[in-house]
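Visitor: I'd like to go over a predicted model; first the sequence, then the structure.
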Amino acid sequence: MRRVAIRAPMTRPTSCAGSTAAATQQSSVHLYQRPDDNIAFDPNRTSLSGNAERLTVSKFGGGITRFQSVYQRFSPGFETNDVGFQPRADEQMFRNWFALQFNNPTKVYRAAFFNFNTFQTWTTGGLPTNMSLNTNWHVQFPNQWWGHIGGNFGNFKATYADREARGGPAVRRSTDYDLWSGIELDSRKSWTPNMFFGQYGGDAGHSVGRWINPAIDLRMTSRFSTSLGFNYEKATNDNQWNGNFGVSGVDTTHYTFARLDQTTLSLTTRMNFTASPSLSLQFYAQPFMTTGKYTNWRELANPRAEKYEDRYKPYLGGDPGGFDFKQLRSNTVVRWEYRPGSTVFLVWQQGRESSSDQPTDFNFSQDFRSLFKLHPNNTLLIKASYWFNP
């Protein structure tokens with residue numbers, strides 16, 4: 001049976017009013033103060049209104065093919081953050097997904113899924129802001145192992161990052177790429193390791209990053225399971241925004257960027273123990289560490305220049321600085337169903353955090369030890385429910 005869904009455009013008018021309207025115009029969602037668009041910031045404005053439309057055509061069943069095409073438009077004044085999460089307004093989006101799904105096992109594979117995607121965005125005024133192609137393939141082999149591979153290729157035509165300067169002019173994007181692959185072993189075993197890794201780059205070769213993510217799932221018994229995931233990333237971002245100096249929208253404003261060399265490490269642990277159908281324990285912890293140093297501080301010169309180097313000029317602001325951030329978050333939950341439908345939850349949360357604007361060289365053993373020496377913030381919570389069954 002084939003199922004094709006067509007969803008007609010749906011308009012959702014929204015509005016905000018009062019003293020918050022001026023601040024809302026300048027928020028990261030709207031950025032009315034940008035100097036190179038046709039949307040004017042009005043500090044005396046007391047209301048803001050907008051609308052959104054969405055059209056979807058989809059096929060999710062029948063045969064081996066699947067597809068979906070979506071067009072979506074948010075007007076510049078569309079605002080729903082009082083009731084949900086909206087990252088930005090003033091955007092048109094058109095994306096397409098086409099897939100081949102093979103669910104009948106053969107001698108070569110048990111299942112195979114091949115996805116092909118396109119993604120494009122513009123402002124409502126027609127300025128192209130993103131253009132990318134993507135493909136990702138997922139194959140389960142006869143031995144129950146999974147293989148994964150994917151890649152993105154983007155901004156091969158002229159596109160412009162209208163949010164990158166945080167209220168400043170749109171900056172031309174350079175061609176970028178993102179490649180990744182991974183493997184997962186037989187999930188029927190008591191232990192299942194997996195490994196993912198990738199590389200990305202852009203900005204005419206000035207920005208590049210690599211990451212690796214090994215993990216393992218352990219199922220000791222039917223009552224006890226745990227997982228451990230490690231993520232390490234080393235990246236260079238040559239055009240990281242590093243502050244605006246002056247009043248946004250004025251010709252003398254300095255919209256600055258710098259080269260950021262950053263190293264990030266995190267370790268994610270999860271544990272589940274079921275003592276009985278009515279008593280269970282869940283534990284989660286993640287130590288997170290990242291250090292970064294800024295160099296080559298620049299400001300926008302000709303942000304829409306075709307050549308990458310022509311978009312910036314030196315900014316004489318001194319040392320652009322850096323950061324050293326460490327954080328530990330853990331969460332332990334004991335659940336006791338003391339009678340059918342009636343439950344008590346005992347929660348213990350612990351947080352440790354340190355932040356500095358003085359960058360240091362990344363040292364795993366030293367940083368890991370210093371993280372656990374930080375003063376903890378502990379929170380204890382109790383939640384109880386009672387089921388009335390007349």
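Guide: Yep, it's here.
Visitor: low-confidence stretches in this protein?
Guide: For the chain, applying pLDDT under 70 flags the ranges 1-20, 248-250, 390.
Visitor: how does it look with 90?
Guide: Using pLDDT under 90 as the threshold, the predicted model of the chain has low-confidence ranges 1-49, 61-62, 77-87, 220-222, 246-253, 317-318, 341, 356-373, 388-390.
Visitor: so where's the longest helix in it?
Guide: Looking only at the chain and at elements set by DSSP state H, the helix with the highest residue count is helix 364-372.
Visitor: by contact count, what packs against it?
Guide: Counting contacts by 3 or more C-beta pairs under 8 Å, 6 or more residues apart in numbering; DSSP states H and E, the secondary-structure elements packed against helix 364-372 are strand 279-300, strand 322-339, strand 342-356. Glycine gets a C-beta too; all of them are placed from N, C-alpha and C.
Visitor: quick one: buried residues of the shortest one?
Guide: Just to be clear, that refers to strand 342-356. Residues of strand 342-356 classed as buried: T343, R352, S354 (neighbour count, 16 or more other C-beta atoms under 10 Å).
Visitor: format those residues as JSON lines; extra columns: distance to D367.
Guide: Shown next, in JSON lines, are the buried residues of strand 342-356 (distance: C-beta to C-beta, whole Å):
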{"residue": "T343", "distance to D367": "39"}
{"residue": "R352", "distance to D367": "12"}
{"residue": "S354", "distance to D367": "10"}
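Visitor: among the helices and strands packed on helix 364-372, which is the most enclosed?
Guide: Using mean count of other C-beta atoms under 10 Å, the stretch among the helices and strands packed on helix 364-372 with the largest mean neighbour count is strand 279-300, at a mean of 18.
Visitor: can you list the strands that it pairs with?
Guide: Take DSSP bridges as the rule and strand 279-300 pairs in its sheet with strand 254-276 (antiparallel), strand 312-314 (antiparallel), strand 322-339 (antiparallel).
Visitor: from one end of stretch 57-69 to the other, what's the distance?
Guide: Looking at stretch 57-69, the gap from its leading to its trailing residue is 5 Å under the measure C-alpha to C-alpha, to the nearest Å.
Visitor: what are the buried residues along that stretch?
Guide: Of the residues in stretch 57-69, S58, K59, R66, Q68 count as buried by neighbour count, 16+ other C-beta under 10 Å.
Visitor: quick check: phi and psi on the closest residue to P169 other than its chain neighbours?
Guide: Once flanking residues are discounted, P169 sits nearest to D36: 4.3 Å by C-beta to C-beta, 6 or more residues apart in numbering. The phi and psi values for D36, taken as degrees, to the nearest 10, are phi -120, psi 30.
Visitor: and D36, how far is that from T123?
Guide: As judged by C-beta to C-beta, to the nearest Å, D36 and T123 stand 11 Å apart.
Visitor: now do P76
Guide: When distances are taken as C-beta to C-beta, P76 and T123 turn out to be 8 Å apart.
Visitor: doesn't G147 fall inside a strand?
Guide: Yes - under the criterion used here (DSSP: H, G, I helix; E, B strand; the rest coil), G147 sits inside a strand.
Visitor: and the helix or strand harbouring I183, what's buried?
Guide: Counting by DSSP states H and E, the secondary-structure element that holds I183 is strand 176-184. Buried residues in strand 176-184, defined by neighbour count with 16+ other C-beta under 10 Å: D176, Y177, D178, W180, S181, G182, E184.
Visitor: name the residues linked to N237 by a beta bridge.
Guide: In this structure, N237 has the following beta-bridge partners (DSSP bridges): L260.
Visitor: OK, contacts around it?
Guide: Residues in contact with N237, defined by C-beta atoms under 8 Å, 6 or more residues apart in numbering, are D203, S207, G209, R259, L260, Q262.
Visitor: can you pull the contacts of the first one?
Guide: Same thing as D203. S174, D176, N237, D238, N239, Y308.
Visitor: cutoff 7 Å now
Guide: Taking C-beta atoms under 7 Å, 6 or more residues apart in numbering as the criterion, D203 is in contact with S174, D238, N239, Y308.
Visitor: take the residues you listed and keep only those in strands.
Guide: The strands, defined by DSSP state E, take in D238, N239 from those.
Visitor: any chance of the contacts of D203 in CSV, with neighbour count too?
Guide: What follows is these, written out as CSV (neighbours: other C-beta atoms under 10 Å):
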residue, neighbour count
S174, 22
D238, 22
N239, 24
Y308, 18
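Visitor: returning to that earlier point: ok, so of the contacts of N237, who is nearest N103?
Guide: Minimum separation from N103 among the contacts of N237 (C-beta to C-beta) is found for G209, which lies at 35.1 Å.
Visitor: other SSEs contacting the helix or strand hosting that closest one?
Guide: When secondary structure is defined using DSSP H and E, the element that contains G209 is strand 207-219. Judged by 3 or more C-beta pairs under 7 Å, 6 or more residues apart in numbering; DSSP states H and E, strand 207-219 is in contact with strand 191-202, strand 224-245.
Visitor: only alpha carbons, please: show it as CSV.
Guide: Only the C-alpha atoms of strand 207-219 are listed here, as CSV (Å, rounded to 0.1, in the frame of the first residue of the first chain):
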residue,chain,number,x,y,z
SER,A,207,38.8,26.0,8.9
VAL,A,208,39.0,22.3,9.7
GLY,A,209,37.9,19.9,12.4
ARG,A,210,38.1,16.2,13.3
TRP,A,211,36.2,14.1,15.8
ILE,A,212,36.0,10.6,17.1
ASN,A,213,33.3,9.0,19.2
PRO,A,214,33.9,5.4,20.5
ALA,A,215,31.2,3.9,22.7
ILE,A,216,30.1,0.6,24.3
ASP,A,217,26.8,-0.8,25.6
LEU,A,218,27.0,-3.5,28.3
ARG,A,219,24.1,-5.7,29.3
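Visitor: that strand pairs with which strands?
Guide: In the sheet containing strand 207-219, the strands it pairs with under DSSP bridges are strand 191-202 (antiparallel), strand 224-245 (antiparallel).
Visitor: thinking the residue nearest to P169 is in contact with A170, fair?
Guide: Yes - taking C-beta atoms under 7 Å as the definition, D36 is a contact partner of A170 at 6.0 Å.
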